[in-house]
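Novice: Sequence unavailable; structure follows:
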Ligand SMILES: [Zn+2]
């Protein structure tokens, strides 16, 4: 299944669930879009996936901003060295410690972890939207395992 289908299924399922929970309309729109994004996350373990390409580009941007912010008096060369070091570490991790496709990121264990993180960092409704989006990916893939 392609990333668009996963995003649409996650968005619609979350919108339905949030509507049934009597969440107000403006929140349903934002939370459903977040659920659609969450539905892409399990495929971070696949190097050709949409979420992986977003993560790769975002990390390069993050490394540049972080390097620039972490050093106020540095020369451009210093900032560049830090950014390249961070980007190198990210790609080493993602290349060599990458879980196999449809492995642990496609498990109920990760759904629970993801929901718990969202609940602790944000709130109940966002956690529900994230859980529905993430879990919808596993159901659509017919790849539901405990761990
Ligand atoms: Zn998948």
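Specialist: Yep, that arrived. Computed from a prediction, not measured in an experiment: that's the story for all the values here. Numbering: from 1, shown residues only.
Novice: Return the helix or strand in this protein with minimum mean pLDDT.
Specialist: One helix or strand of the chain scores below all others by mean pLDDT, DSSP states H and E: helix 76-96, with a mean of 84.
Novice: ok, now how distant is the residue sitting nearest the centre point of the chain from residue 91?
Specialist: Nearest to the mean C-alpha position of the chain, by Cα atoms, centre = their mean, lies residue 41 at 4.1 Å. In this view, residue 41 and residue 91 are 19 Å apart by Cβ to Cβ, to the nearest Å. Where C-beta positions appear, they are placed from N, C-alpha and C, glycine not excepted.
Novice: can you list the domains in the protein?
Specialist: The chain is divided into the following domains under automatic domain parsing: 1-47+100-147, 48-97.
Novice: Pick out the shakiest of those domains, pLDDT-wise.
Specialist: Within the domains of the chain, confidence is poorest for domain 48-97, with a mean of 85 (mean pLDDT).
Novice: Count the neighbours of residue 114 for me.
Specialist: The number of residues packed near residue 114 is 20, by other Cβ atoms under 10 Å.
Novice: Nice, that's everything, thank you.
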